[in-house]
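Novice: all I have is the shape, not the residue letters:
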Ligand SMILES: Cc1ncc(COP(=O)(O)O)c(C=O)c1O
């Protein structure tokens, strides 16, 4: 169980494939249009349940509880050795 | 109950826009294609001096202009005798939030505050989100940023993930969305629900904010070199960067050649879920640059204040591999680590400088910050993870979405030129869809000629051949 007040991420389907804009490429048209958003959990809940969160600006959003303490893990990536060679040739 | 279906929300577009900007675009309309562009820009009510003063209050503008001495020397070694212009760069990364987009957000934030809006909303996956969030923070306004972040496998483009982080760092609510143009639908719903100000990238406030960049370039080059720059190279996507900068240069009476530059992503579809993470650039590429130049009014406001063909003299294309190579050279030769969008125009500047005379000056009009997610090492390693071949060789081997080739030598950074007349004709085709050629009046011809930087006779001739 995740406690009320915890920073979490929710997901919500905004448009099912049949509700999406016309004229999309077929790969995109076959997928639902999704929203993910982080906020503070309003009441104790289990992962995968329908919940309400309060965003950083105090607005409430509903959706399925997806992650506890969502974090940013983007990085500088694995070294690309080809880049290390650049600069000596000029 | 409001009808929240896609069609119903889109049908309420005009009413939502009016309420969210306190501005009625209908008053500028002259016909289905023509409108009074200059009056629209004037009636923002902000002079260049007002803009500069407002920007100074929120840590925007007066960025340094640097001479790239070692890169210039390196280019001269690949140039014919007497060739090799001096390359200057405007370090726009020094603005609050790390890019020129702070200029673009600053006046919207000021205007929203003045008109009593409680917050700002913007749909943008780029630096603009961070800029709006940062300006909103300084003005004590709430902020919502909507971004296209992840594909159907849930994988986010690292550069956009970094943008989500930056927006949240500045206190904004970030709505992270999957791939698709319905971003606009979600923006309309958000504006309707919250009553926030629409800080669209394409309002006259946004473009007015960029004009100071052009003015500063003219002033700084004149102060240091006692003459005007010969060419200013501008990374081009939605066209606001080019439009605002060129208008500022003109306001300062500077006649430098206006050169657009985009990364060539020909062949990749911008709304395709499976192409989404096969791009190593999230902006400054032809996937935005060409459609926006050839029909500016495809945006989230009724008339786009960013109209790049009005000001563009030339359009250079570069490959992903060339930009990554030049990014690395900027770091190694000039001691500056900067992000992809500014380095796109820097790459074109290398080609231009090589063709220009030694006593001429070419200005790279911006830099942007770099870091985790945005860094070229991350973009290249991400490309590899997505099955894209990365190798060293002749940049002619670059195939967007398949192969990235890093040049072996600066001499191979050559770019290529995009045919301007082709772009203009494509614009006219789009104009003809909005309003049939047979119905075009003198006023339409005059508007189209100004919008394409040609004369009315050219428009007449080209439209007869459509
Ligand atoms: C740093 C930077 N430079 C250039 C551009 C291109 O500007 P525009 O979309 O106005 O053409 C963008 C955004 O798209 C950007 O974030």
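Specialist: Alright, I've got the coordinates. These numbers come from a predicted model, not from an experiment.
Novice: what sits against residue B:339?
Specialist: B:93, B:98, B:99, B:367, B:368, B:369, B:370, B:371, B:374, B:375 (Cβ atoms under 8 Å, 6 or more residues apart in numbering or on different chains). Using the backbone N, CA and C atoms, a C-beta is placed for each residue, glycine as well.
Novice: if we check chain A, which of those residues are in contact?
Specialist: residue B:375 (Cβ under 8 Å from any Cβ of the partner chain).
Novice: of the contacts of residue B:339, closest to chain A?
Specialist: residue B:375 (5.1 Å; Cβ to the nearest Cβ).
Novice: torsion angles phi and psi at the nearest residue to that closest one once chain neighbours are set aside?
Specialist: What sits nearest to residue B:375 in space, not counting adjacent residues and going by Cβ to Cβ, 6 or more residues apart in numbering or on different chains, is residue A:76, at 5.1 Å. The phi/psi pair for residue A:76 (degrees, to the nearest 10) reads phi -90, psi 0.
Novice: does the ligand sit close to the longest helix anywhere in chain B?
Specialist: Identified as the longest helix of chain B according to DSSP state H is helix B:204-225. No - judged by Cβ under 6 Å from any ligand atom, helix B:204-225 makes no contact with the ligand; its nearest approach is 7.7 Å.
Novice: mind giving me the packing neighbours of that helix?
Specialist: helix B:37-42, helix B:48-57, strand B:65-67, strand B:86-90, helix B:101-114, helix B:240-251, strand B:361-364 (3 or more Cβ pairs under 8 Å, 6 or more residues apart in numbering or on different chains; DSSP states H and E).
Novice: between these, which gets nearest to the ligand?
Specialist: When these are compared by Cβ to the nearest ligand atom, helix B:240-251 sits nearest the ligand, at 3.3 Å.
Novice: which residues sit against that closest one?
Specialist: Taking Cβ under 8 Å, 6+ apart as the rule, helix B:240-251 contacts B:41, B:48, B:100, B:103-104, B:201-202, B:206-218, B:232, B:234-236, B:256, B:258, B:260, B:305-308, B:310-312, B:365-366.
Novice: what residues does the stretch 51-200 of chain B put near the ligand?
Specialist: Residues of the stretch 51-200 of chain B lying near the ligand (Cβ under 6 Å from any ligand atom): B:99, B:100, B:101, B:126, B:127.
Novice: wait, residue B:338 touches residue B:94, no?
Specialist: No - using Cβ atoms under 8 Å, residue B:338 is not in contact with residue B:94; the gap is 10.8 Å.
Novice: neighbour count: these two, which is higher?
Specialist: Neighbour totals were compared for residue B:338 and residue B:94, and residue B:338 leads with 24 against 17 (other Cβ atoms under 10 Å in any protein chain shown).
Novice: report the separation between the more buried one and chain A.
Specialist: 15 Å (Cβ to the nearest Cβ, to the nearest Å).
Novice: ok, for that residue, nearest residue in space, not its chain neighbours?
Specialist: residue B:367 (4.2 Å).
Novice: what do you get for residue B:291?
Specialist: In space, residue B:291 is closest to residue B:298, 6.5 Å off (Cβ to Cβ, 6+ apart).
Novice: which residues in the stretch 351-466 of chain B form strands?
Specialist: B:361-364, B:389-393, B:403-407, B:416-417 (DSSP state E, counting those that start in this stretch).
Novice: could you identify which of those strands is most buried?
Specialist: strand B:361-364 (a mean of 28; mean count of other Cβ atoms under 10 Å in any protein chain shown).
Novice: picking that back up, among the residues of the stretch 51-200 of chain B next to the ligand, find the lowest-pLDDT one for me.
Specialist: Least confident entry in those, by pLDDT: residue B:126, with 92.
Novice: list phi and psi for that one.
Specialist: The phi/psi pair for residue B:126 (degrees, to the nearest 10) reads phi -110, psi -160.
Novice: can you tell me how far the nearest residue to it once chain neighbours are set aside sits from residue B:133?
Specialist: In space, and not counting its chain neighbours, residue B:126 is closest to residue B:283: 4.9 Å by Cβ to Cβ, 6+ apart. Counting by Cβ to Cβ, to the nearest Å, the separation of residue B:283 from residue B:133 is 17 Å.
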